[in-house]
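Student: mind looking at a prediction? Sequence and model below.
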Amino acid sequence: MPAKATRTRGRKALSQPHGLCYDHGMLMNEEVGIDRPRRRSAKGEAKRQAIVESAAELIYDRGVVAASVAELIAIAAISKSQLYNYFESKDDLVQAVVRYQAGRVLGWHGMLLAEVDDFAGLLRWRDSVVELAVEAVARGGCPLGSLASELANRSEGGARALREVFARWLDIIEAAFARIRDKGLLDPASEPRQLAVLLLSAFQGGLVLAKTARSIDLFATALDAAIAQIRLGRGYVPDPAPRSVLQH
């Protein structure tokens with residue numbers, strides 16, 4: 001039977017922010033990533049931050065390509081000259097949005113996964129992200145996943161920033177699996193990094209399926225299947241002689 005999004009298995013989900021993948025007002029609202037902006041006055045930083053936040057909402061709803069500079073100027077209530085005082089180009093602004101969304105997403109997931117050192121904790125994380133994903137299905141999916149699908153072959157700067165962000169996301173999940181392994185709940189030979197790849201792939205892929213079908217149960221099923229595979233198989237043990245990805 002498909003997993004039900006509302007099922008909690010008798011456990012209390014972790015505290016729920018509103019919105020997708022993050023709390024709109026907590027934790028890391030600052031940008032993370034490479035090429036941090038230069039120092040400005042407090043007023044200048046606040047203005048720049050307001051522009052980034054407006055751009056993030058516009059891009060999340062409309063996409064990078066469809067979100068025009070003219071729309072952003074109108075939404076942020078700024079002039080074109082003000083925009084280019086803070087950002088050299090639209091690509092520069094998009095990279096700032098990537099770092100901003102990374103701070104929000106990784107801040108929230110980092111908080112939840114920092115508590116995980118067994119499968120009960122991992123399932124609490126599962127319940128929390130499934131509840132959050134209800135909004136994602138109705139809107140633009142995971143903000144980082146959506147940006148990745150648009151920028152991978154369009155913006156080298158954006159793609160580079162996203163590669164670093166997803167590597168950091170994998171680091172967070174990997175650390176949780178390392179703690180689970182250290183408690184003897186996974187095969188000692190298992191690879192936490194590979195388990196992190198499996199779980200993040202289920203997260204992103206499940207969210208795409210759920211958004212397409214307008215069914216949150218598909219997202220829950222993807223996460224449940226990944227966790228069950230990890231739990232029953234007691235982790236990923238690397239093949240001593242792995243095949244090339246090009247071999248069939």
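Tutor: Looks like it came in fine.

Student: which helices and strands sit right next to the longest helix along the chain?
Tutor: Under DSSP state H, the helix in the chain containing the largest number of residues is helix 156-182. Contact partners of helix 156-182 among helices and strands, from 3 or more CB pairs under 8 Å, 6 or more residues apart in numbering; DSSP states H and E: helix 90-113, helix 119-138, helix 143-151, helix 192-213. To be clear about C-beta, it is placed using only N, CA and C from the backbone, and glycine gets the same treatment.

Student: and of those helices, who's closest to I180?
Tutor: Ranking the helices and strands packed on helix 156-182 by their distance to I180 (criterion: CB to CB) puts helix 119-138 first, at 6.9 Å.

Student: sort out which residues of that closest one are buried, please.
Tutor: Of the residues in helix 119-138, those buried by neighbour count under the rule 16 or more other CB atoms under 10 Å are 119, 121-133, 136-137.

Student: for stretch 145-153, same thing?
Tutor: 145-151.

Student: between the residues you listed, which is nearest A225?
Tutor: Lowest distance from A225 to those (CB to CB) belongs to G145, with 18.4 Å.

Student: report how many residues lie close to the closest residue to the closest one other than its chain neighbours.
Tutor: Nearest-residue entry for G145: Q204, 4.8 Å, with adjacent residues in sequence omitted and distances by CB to CB, 6 or more residues apart in numbering. Number of residues near Q204 (other CB atoms under 10 Å) recorded here: 20.

Student: how far away is Q204 from D182?
Tutor: Separation of Q204 from D182 (CB to CB, to the nearest Å) stands at 27 Å.

Student: chain center to stretch 63-82: distance?
Tutor: 24 Å (CA atoms, centre = their mean, to the nearest Å).

Student: for it, measure first residue to last.
Tutor: Between the opening and closing residues of stretch 63-82 lies a distance of 22 Å (CA to CA, to the nearest Å).

Student: no further questions, thank you.
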